[in-house]
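S.K.: Everything below, folded, please.
(4 chains)
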Protein chains: 2
Amino acid sequence: MGLKDQSTEAKILNAAKEVFMKFGLYGARMQDIADLAGINKALLHYYFRNKEKLFNAVFESALEKYFQQVTVMGDTSMSVEERLFKYVDNVFDFFEEYPQMTMFIIKEVSINPELFKQKVSKLKENKPFVVPMLQQAIDNKEIAEMDPIVFIVNLHSMCAYPFLGAPLFRGMMKNNGYDWDQVKKEKIKDAVKEFISFKLNRKDV
Amino acid sequence: MGLKDQSTEAKILNAAKEVFMKFGLYGARMQDIADLAGINKALLHYYFRNKEKLFNAVFESALEKYFQQVTVMGDTSMSVEERLFKYVDNVFDFFEEYPQMTMFIIKEVSINPELFKQKVSKLKENKPFVVPMLQQAIDNKEIAEMDPIVFIVNLHSMCAYPFLGAPLFRGMMKNNGYDWDQVKKEKIKDAVKEFISFKLNRKDV
DNA sequence: GTCTATACGCAGATAGAC
DNA sequence: GTCTATCTGCGTATAGAC
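M.R.: Residues are numbered from 1 along each chain as shown, chains lettered A, B, ... in the order given. Below you'll find the model as predicted:
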């Protein structure tokens, strides 16, 4: 879909997403958003009244997308390991498309923790929460004994950080002849899945 | 050391660190830095000329501390596994003290990649680079076969992300009766070390 | 070295024509 | 709905007294 085909509101939202993602609420400039959307600054206010309201629209859609990744965990037609693999695939695709989103959300929530409390509660209600699901699989002896919270955090770390820290990794590896985005794409995902298999199938606990 | 004992310059730097960490270059306000330092706004300019120069002073000290964590890897009196364990301890202590620093560095480098190229090259020269060290240990059969880059990224992810994403994790877990900072402190570090042992000592490769 | 007062520019927001 | 022109306030930076 080219920019010409979008409604003005959609153009604004897309431009705002990009600029807020990069610079955050305080750093973003309304002028930059208008320029990127190919419209005038005044139109931003016509559609969204003020900067804060525009930001909120972007933030809510970001959070919605972010939590949508987890829905696959509720699909009981697959084994727990298959669901986790699929989840990892989803998360990688998601980060490929929105590499700045996690950073963006973390940054804004860290500046204003209320944001999270306000928005996330209702979103989470409809999603299958992962920890109880894992706990049940452990109780059923379907997977190995583990602390499900620690596992989920480890897993999420290994998925998210390669994208979050990409600016650093790129800088560090370029000097040494590696291409970070290549490594990330080809090898990190497999390593995460290897970690999942290790944790789910180990016999020594 | 109480604030009263610090030189004005040190007070400014400490205040600037805190404010820049939280709000970034664009979001930080000189007035807030002055207030936190307990001095007048004009003094900031007297000592550091302008906002950008003050920011650079903070950024450089942050980057220096950040890369200092890796020096332990050069201590050949310990085994590779011991060095990695020690490294993890260091990194956790470091993040406990400066939870915002990684975020801060990533954010600023992502906005301005030149920052990294300019500063990091000379810092890195004096530090033992981890990947070649691991490669050598692999060649010597001291540790199991693996891709050292992928391993280091996984490791670093598991250490950094629990601090980076703390605002999110806190929000998510508070609703469910868990205290994130407790979990992080007591269990995540052990899980990282377990991962190290798994990767270094596995026989099936 | 440290302060108060002030200049200056930029970014968010509004008024009003079309 | 979209634009140009303009207002207003805030934040950086400077001038100048002490």
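
S.K.: domains of chain A?
M.R.: For chain A, the domain assignment from automatic domain parsing gives the residue ranges A:3-49, A:60-201.

S.K.: Could you tell me the least trusted of these?
M.R.: Taking the average pLDDT of each of those, the minimum falls on domain A:60-201, with a mean of 89.

S.K.: Can that domain be said to contact DNA strand D?
M.R.: No: between domain A:60-201 and DNA strand D, judged by Cβ under 7 Å from any atom of the strand, nothing touches; the nearest distance is 14.0 Å. Where C-beta positions appear, they are placed from N, C-alpha and C, glycine not excepted.

S.K.: Now stretch A:66-85: buried residues?
M.R.: Of all the residues in stretch A:66-85, those buried under the rule 16 or more other Cβ atoms under 10 Å in any protein chain shown are A:66-67, A:69-70, A:72-73, A:80-81, A:83-85.

S.K.: ugh, typo on my part, it should be stretch A:158-174
M.R.: Neighbour-count burial for stretch A:158-174 [16+ other Cβ under 10 Å]: A:158-173.

S.K.: so which of these comes closest to residue B:118?
M.R.: Distance to residue B:118, by Cβ to Cβ, is smallest for residue A:171 among the buried residues of stretch A:158-174, at 10.3 Å.

S.K.: For the spatially closest residue to the closest one that is not a sequence neighbour, give me its contacts.
M.R.: Among residues not flanking residue A:171 along the chain, residue B:116 sits closest, at 4.2 Å (Cβ to Cβ, 6 or more residues apart in numbering or on different chains). Neighbour list for residue B:116: A:167-168, A:171, B:109 [criterion: Cβ atoms under 8 Å, 6 or more residues apart in numbering or on different chains].

S.K.: Now distance to residue B:144 too, for these, in a markdown table please.
M.R.: Putting the contacts of residue B:116 into a markdown table (distance: Cβ to Cβ, whole Å) gives the following:
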| residue | distance to residue B:144 |
| --- | --- |
| A:167 | 31 |
| A:168 | 27 |
| A:171 | 29 |
| B:109 | 33 |
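
S.K.: Next step: those restricted to helices.
M.R.: The helices, defined by DSSP state H, take in A:167-168, A:171, B:109 from the contacts of residue B:116.

S.K.: what about the residue nearest to residue A:130 when sequence neighbours are not counted, distance to residue A:90?
M.R.: Leaving out its chain neighbours, the residue that sits closest to residue A:130 by Cβ to Cβ, 6+ apart is residue A:73, at 5.2 Å. Distance of residue A:73 to residue A:90, computed by Cβ to Cβ, to the nearest Å: 10 Å.

S.K.: circling back: which single one of the buried residues of stretch A:158-174 is nearest to DNA strand C?
M.R.: Checking the buried residues of stretch A:158-174 against DNA strand C by Cβ to the nearest atom of the strand gives residue A:167 as the nearest, at 22.7 Å.

S.K.: Wait, that closest one touches residue B:112, no?
M.R.: No: applying Cβ atoms under 8 Å, one finds residue A:167 not in contact with residue B:112, separated by 9.5 Å.

S.K.: can you tell me which residues contact the residue nearest to residue A:130?
M.R.: Going by Cβ under 8 Å, 6+ apart, residue A:73 touches A:83-84, A:87, A:128, A:130, A:133.

S.K.: let's go with 10 Å and repeat that
M.R.: Shown in contact with residue A:73 (Cβ atoms under 10 Å, 6 or more residues apart in numbering or on different chains): A:80, A:83-84, A:86-87, A:90, A:127-130, A:133-134.

S.K.: Filter those residues down to the buried ones.
M.R.: Among the contacts of residue A:73, those scoring as buried are A:80, A:83-84, A:87, A:90, A:130, A:133-134 (criterion: 16+ other Cβ under 10 Å).

S.K.: In the residues you listed, find the pair that's most separated.
M.R.: Pairwise distances across the buried ones among the contacts of residue A:73 peak at 17.1 Å for A:90 and A:134 (criterion: Cβ to Cβ).

S.K.: Any part of stretch A:85-97 near chain B?
M.R.: No: Stretch A:85-97 does not reach chain B (Cβ under 10 Å from any Cβ of the partner chain); its nearest approach is 12.5 Å.

S.K.: quick one: that stretch to chain centroid distance?
M.R.: 9 Å (Cα atoms, centre = their mean, to the nearest Å).

S.K.: what does it rub up against?
M.R.: By Cβ under 10 Å, 6+ apart, stretch A:85-97 touches A:65-66, A:68-73, A:75, A:78-79, A:101-102, A:130, A:155-156, A:158-160, A:162-164, A:166, A:181, A:184-185, A:188-190, A:192-193, A:195-197.

S.K.: now the end-to-end length of stretch A:175-185.
M.R.: One end of stretch A:175-185 to the other measures 19 Å (Cα to Cα, to the nearest Å).

S.K.: can you list the residues that contact it?
M.R.: Under Cβ under 10 Å, 6+ apart, the answer for stretch A:175-185 is A:92, A:95-96, A:99, A:162-163, A:165-174, A:188, B:117, B:120-121, B:124, B:129, B:131-132, B:147, B:149-150, B:153.

S.K.: Just the ones in helices from these, please.
M.R.: Using DSSP H, A:92, A:95-96, A:162-163, A:166-174, B:117, B:120-121, B:124, B:131-132, B:149-150, B:153 are the members of the contacts of stretch A:175-185 that sit in helices.

S.K.: going on from the longest helix anywhere in chain A, what's the next piece of helix or strand?
M.R.: Ranked by residue count under DSSP H, the longest helix found in chain A is helix A:8-27. The first helix or strand that comes after helix A:8-27 along the chain, using DSSP states H and E, is helix A:30-37.

S.K.: list the buried ones in the very next helix or strand once past that following helix?
M.R.: Toward the C-terminal end, the helix or strand that comes next after helix A:30-37 (DSSP H and E) is helix A:41-48. For helix A:41-48, a neighbour-count test (16+ other Cβ under 10 Å) marks A:44, A:47-48 as buried.

S.K.: Including distance to residue B:202, could those residues go into CSV?
M.R.: Listed next are the buried residues of helix A:41-48 as CSV, based on distance: Cβ to Cβ, whole Å:
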residue, distance to residue B:202
A:44, 55
A:47, 56
A:48, 54
